[in-house]
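In: Fold the following.
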Amino acid sequence: MRLAHALLTAGAGALFTGCASAPGVDGPPENPPPGIERTPDAVPRLEPIRVGGPNKPYSVAGRAYVPLAGDVAFSESGLASWYGRKFHGRPTSSGEPYDMFAMTAAHKTLPIPSYARVRNPANGREIVVRVNDRGPFAEGRVIDLSYAAAAKLGLLAAVAPVTVRRITFGDMRAANLLGLADARPSAQPAPHP
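Out: Model prediction:
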């Protein structure tokens, strides 16, 4: 969604910073649903990593990005932001409509689709999100969370530090051994990266 907008609107990289840093540009829903912070985590599934489309190299605001290919481990720390009603219902980079009440996220280079565990070290909360969009494109930001994901992590008030770890197919297959009940794979056959 935001990547497509950037490609259509030259120089629009400032739109990708998330609502936490762009007051008046984006924001929460007018009437947030009660209990939004109890939204269930995304449940990882073995989904094929698409070739091309949202996984091909791209540039935004003069910077080049190369999405990860294949089922590789990935982790990083940095700042998380979130996006809300301005993008609600608009297409994400995956082509799915953005749902600010779902447990999703935007990342610059994780494969689309993929899953990640995001941790807020300030309060110890962890969530699992499905990566289906590109962004954020502001310096130092590593992930742009949906409104629900940010609420569950306790990050609605500001941009905040997080750690992000990709959940690989191997992680999903070993979920029972790792004790990650929320990372059990579906009955789908394993895709070949």
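
In: Helix or strand next in line after the lowest-mean-pLDDT helix or strand in the chain, which one?
Out: The helix or strand of the chain with the poorest confidence is helix 2-8; it has a mean of 41 (mean pLDDT, DSSP states H and E). Once the chain leaves helix 2-8, the next helix or strand it forms, by DSSP states H and E, is strand 58-60.

In: ok, that next one: who's next to it in the sheet?
Out: On the basis of DSSP bridges, the sheet neighbours of strand 58-60 come out as strand 63-65 (antiparallel).

In: From the chain's centroid, how far away is the strand it pairs with?
Out: From the chain centre to the centre of strand 63-65 is a distance of 18 Å (C-alpha atoms, centre = their mean, to the nearest Å).

In: How about stretch 91-106?
Out: A distance of 8 Å separates the centroid of the chain from that of stretch 91-106, by C-alpha atoms, centre = their mean.

In: Surely residue 137 and residue 60 touch.
Out: Yes: if you go by C-beta atoms under 8 Å, residue 137 and residue 60 touch, sitting 5.0 Å apart. For glycine as for every other residue, the C-beta is placed from the backbone atoms N, C-alpha and C.

In: Return the distance of residue 93 relative to residue 60.
Out: Distance check for residue 93 against residue 60: by C-beta to C-beta, to the nearest Å, it reads 11 Å.

In: what's the answer for residue 143, then?
Out: 16 Å.

In: what's the answer for residue 86, then?
Out: With distances defined as C-beta to C-beta, the gap from residue 86 to residue 60 amounts to 17 Å.

In: Just the pLDDT at the residue lying closest to residue 154 once chain neighbours are set aside, thanks.
Out: If the residues on either side of it in the chain are set aside, residue 154 comes closest to residue 123, at 5.2 Å by C-beta to C-beta, 6 or more residues apart in numbering. With respect to pLDDT, residue 123 has a value of 96.

In: What about residue 123, how many residues nearby?
Out: 11 (other C-beta atoms under 10 Å).

In: End to end on stretch 71-90, go ahead and measure it.
Out: From the first residue to the last, stretch 71-90 extends over 28 Å; the measure is C-alpha to C-alpha, to the nearest Å.

In: buried sites along that stretch?
Out: Taking 16 or more other C-beta atoms under 10 Å as the neighbour-count basis, stretch 71-90 is seen to contain the buried residues 71, 74, 79-84, 87-88.

In: Okay, now the unreliable bits of the protein?
Out: Applying pLDDT under 70 to the predicted model, the residue ranges of the chain that meet it are 1-25, 176-193.

In: Excluding sequence neighbours, find me the nearest residue to the spatially most central residue of it.
Out: Among the residues of the chain, the smallest C-alpha distance to the mean C-alpha position (C-alpha atoms, centre = their mean) belongs to residue 105, namely 1.7 Å. For residue 105, ignoring the flanking residues on the chain, the nearest one in space by C-beta to C-beta, 6+ apart is residue 129 at 4.2 Å.
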